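Trainee: Test case, fold it:
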Amino acid sequence: MSLMSVFDISGSALSAQSIRLNVTSSNLANAETVSSNREQTYRARHPVFAAAMQGFSDKAASVGVKVKGVVESQAELRMRYQPEHPLSNEDGYIFLPNVNAIEEMANMISASRSYEYNVEAMNTSKQLLLATLRLGQ
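Mentor: Here you go, the predicted model:
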């Protein structure tokens, strides 16, 4: 593993955590949106990460993180009886997303800290690399 691969690994982690923050903020922004049926109701989304591997089967090495995709939560939607609401269905129910604001805030804090730690790892690696280059002076 070369010294420069540290930047590739941390860079891929920064990109992944940025996507995680965007998805989480989208979930929080839509946490209280209302719909009159299940099909049109917003569903919480979550990114799926995987280790990016390089090399062959017995000598593969992790070279970062990649985002495999963003999946919708299969958790049950919330229903609320509110017959006076303009979007209530014929039975008087409105549908709310399956977003758990507490879990989303925990995800946001975790992603933010992970992002911060990867920036710190890049800065430390840069300082060590510069100190190594100064040894030859």
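Trainee: ok, now how distant is the closest residue to Ser35 other than its chain neighbours from Ser73?
Mentor: Take Ser35 and drop its neighbours on the chain: the residue closest to it by Cβ to Cβ, 6 or more residues apart in numbering is Thr41, 4.1 Å away. Any C-beta I mention is one placed from the backbone N, CA and C, and that applies to glycine too. In this structure, Thr41 and Ser73 are 11 Å apart, going by Cβ to Cβ, to the nearest Å.
Trainee: So which of those two has more stuff around it?
Mentor: The neighbour count for Thr41 versus Ser73, taken as other Cβ atoms under 10 Å, is higher for Thr41 (19 against 15).
Trainee: The more buried one against Tyr93, yeah?
Mentor: No - checked against Cβ atoms under 8 Å, the pair Thr41 and Tyr93 is beyond contact range at 11.2 Å.
Trainee: Over to the residue nearest to Ser35. Which of the three states is it?
Mentor: The three-state label for Thr41, taken from DSSP: H, G, I helix; E, B strand; the rest coil, comes out as coil.
Trainee: Now it: phi and psi?
Mentor: When read as degrees, to the nearest 10, the backbone of Thr41 gives phi -80, psi 140.
Trainee: And the pLDDT for it?
Mentor: The confidence metric pLDDT takes the value 95 at Thr41.
Trainee: ok, it - contacts?
Mentor: In this structure, Thr41 makes contact with 33, 35, 77, 95-97, judged by Cβ atoms under 8 Å, 6 or more residues apart in numbering.
Trainee: how close does Tyr93 get to Ala31?
Mentor: With distances taken as Cβ to Cβ, Tyr93 is found 18 Å from Ala31.
Trainee: longest strand anywhere in this protein?
Mentor: If you go by DSSP state E, the chain has its longest strand at strand 61-72.
Trainee: show me where this structure has helices.
Mentor: 5-29, 101-134 (DSSP state H).
Trainee: Leaving aside the residues adjacent along the chain, what's closest to the residue nearest to the spatial centre of the chain?
Mentor: Residue closest to the mean C-alpha point of the chain, counted by Cα atoms, centre = their mean, is Arg20 at 1.5 Å. In space, not counting the residues next to it along the chain, Arg20 is nearest to Ala111; the distance is 4.3 Å by Cβ to Cβ, 6+ apart.
Trainee: Fine by me, thanks again.
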